[in-house]
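Asks: curious how this folds, go ahead:
(one chain, ligands or ions: 5)
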Amino acid sequence: MDPKIFKAIKYGTPVLLVALAAWIIWAPPARIGFAPEQPIAYRHDIHAGVAGQKTFDGKDQYGIDCQYCHTGVTTSKKAGVPSMNTCMNCHIAVGYGKAGVDKLKSFYEKKKPLEWVRIHNMPDHVRFAHAPHIKKLLKDGQPTKTACVACHGDIATMKTVEQVKSLNMGFCVNCHRDYRNDAEYKNHGVNVNCNTCHY
Ligand code: HEC
Ligand code: HEC
Ligand code: HEC
Ligand code: HEC
Ligand code: HEC
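Replies: Ligands and ions are numbered 1, 2, ... in the order given. This next block holds a predicted model:
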């Protein structure tokens, strides 16, 4: 083989491998900013924003707890998205005449399911569950809302949900590293072994 080519392979390969590894770990956060239009213009700021304060456009906020709708956060893998029955607990009585609420009711009456567009999503080879994370963060004395901020940003101020964190491997591993080095957490399931997060 031409010694120049041999040299190129010898020195080039490790550089390529490092670049590939860096790409995998710090892959560009393609989904940051993803904020799809939903079938109903449901607003987190109005429903879950601090009660007694106003939204940016002057609407009342009601401070409903995240767990009222996302019931799975301390018990299962999935946080879950509420069914229309949950919405109708209130909207049987409030919000008449508002475009979004009337649309909600017509879906409800026709028994037509609301197909919310999924925003945050892990690839199939990644293991992730809400419950252990939220339980731990709550035990540390964080209120539910704050427990969601690390990975979802401040949803309670959003008119439309938007992905604001990369949720790439580097993001997950960084936090696991912090906790792993914390004496209190040493004996918990938090670590940076590949098979912690990969099937
Ligand atoms: C009254 C019910 C209700 C409350 C209260 C509520 N949510 Fe939601 N949430 C929804 C619905 C409906 C969707 C799906 C539509 C959308 O994305 O806006 C959703 C979507 C989300 C998503 C995006 C899901 C995805 O597809 O990736 C996150 C994250 C989220 N909520 C977090 C929160 C947090 C954090 C709180 C508390 C600060 C909260 N929610 C309070 C009803 C609620
Ligand atoms: C705990 C009570 C409660 C629940 C549960 C609830 N809402 Fe509401 N929602 C309200 C209140 C209160 C308002 C403000 C009504 C008003 O201003 O007249 C509101 C307002 C709205 C509006 C109008 C927003 C605007 O632009 O002014 C929409 C649309 C809406 N809700 C959709 C939903 C959907 C979809 C769900 C289920 C995922 C839901 N709501 C669950 C209490 C609730
Ligand atoms: C440690 C990071 C992390 C924290 C903390 C976190 N989430 Fe998530 N959340 C995710 C990831 C990752 C996904 C995508 C999961 C998937 O695709 O399986 C997700 C998905 C969701 C979804 C979409 C539906 C579902 O069940 O997958 C909702 C709704 C949601 N989260 C709400 C919340 C709420 C509410 C809180 C706070 C109580 C919270 N999350 C805290 C990382 C987190
Ligand atoms: C805010 C810090 C933080 C972030 C961000 C975070 N984790 Fe964790 N994770 C923890 C802690 C703390 C535990 C230990 C919980 C326990 O066992 O008590 C944990 C445990 C786990 C476990 C083992 C528990 C189980 O489900 O069996 C998995 C898997 C996991 N995390 C995956 C992920 C993935 C994937 C991401 C990125 C989407 C992520 N984590 C982001 C803090 C974090
Ligand atoms: C704390 C959780 C966590 C740990 C530990 C972890 N990963 Fe990952 N890994 C992820 C997440 C989350 C993704 C998906 C990133 C994305 O979609 O942007 C990922 C993606 C990957 C990919 C890219 C696959 C693709 O679809 O492009 C490879 C390869 C990979 N991990 C290998 C590893 C290896 C090898 C280790 C051990 C040295 C490891 N991971 C440890 C969370 C983790």
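Asks: from here on, contacts and neighbour counts on C-alpha atoms
Replies: Fine.
Asks: for the nearest residue to residue 69 once chain neighbours are set aside, give me its contacts.
Replies: Closest residue in space to residue 69, ignoring its immediate chain neighbours: residue 82 at 5.1 Å, by CA to CA, 6 or more residues apart in numbering. Contact analysis of residue 82 by CA atoms under 8 Å, 6 or more residues apart in numbering lists 69-71.
Asks: write out the residues of this protein neighbouring ligand 4.
Replies: Counting by CA under 6 Å from any ligand atom, the chain comes close to ligand 4 at 127-129, 132-133, 136, 150-151, 167, 172, 175-176, 179, 188-190, 196-197.
Asks: which of those fall in helices?
Replies: Taking DSSP state H, the ones among these that sit in helices are 132-133, 136, 150-151, 172, 175-176, 179, 196-197.
Asks: isn't residue 70 up against residue 79?
Replies: Yes. Counting by CA atoms under 8 Å, residue 70 touches residue 79, with 5.2 Å between them.
Asks: more crowded one of those two?
Replies: Per other CA atoms under 10 Å, whichever of residue 70 and residue 79 has more neighbours is residue 79, with 18 against 14.
Asks: surely the more buried one meets residue 128?
Replies: No. At 11.2 Å, residue 79 does not count as touching residue 128 under the criterion of CA under 8 Å.
Asks: quick revisit: near ligand 1, which of the contacts of residue 82 show up?
Replies: Near ligand 1, by the rule CA under 6 Å from any ligand atom, you find residue 69 out of these.
Asks: wait, which of the contacts of residue 82 is closest to ligand 1?
Replies: residue 69 (4.4 Å; CA to the nearest ligand atom).
Asks: what sits up against whichever strand or helix holds residue 86?
Replies: Secondary structure assigned from DSSP states H and E places residue 86 in helix 84-91. Contact with helix 84-91 is made by 69, 101, 104, 108, 113-114, as judged by CA under 8 Å, 6+ apart.
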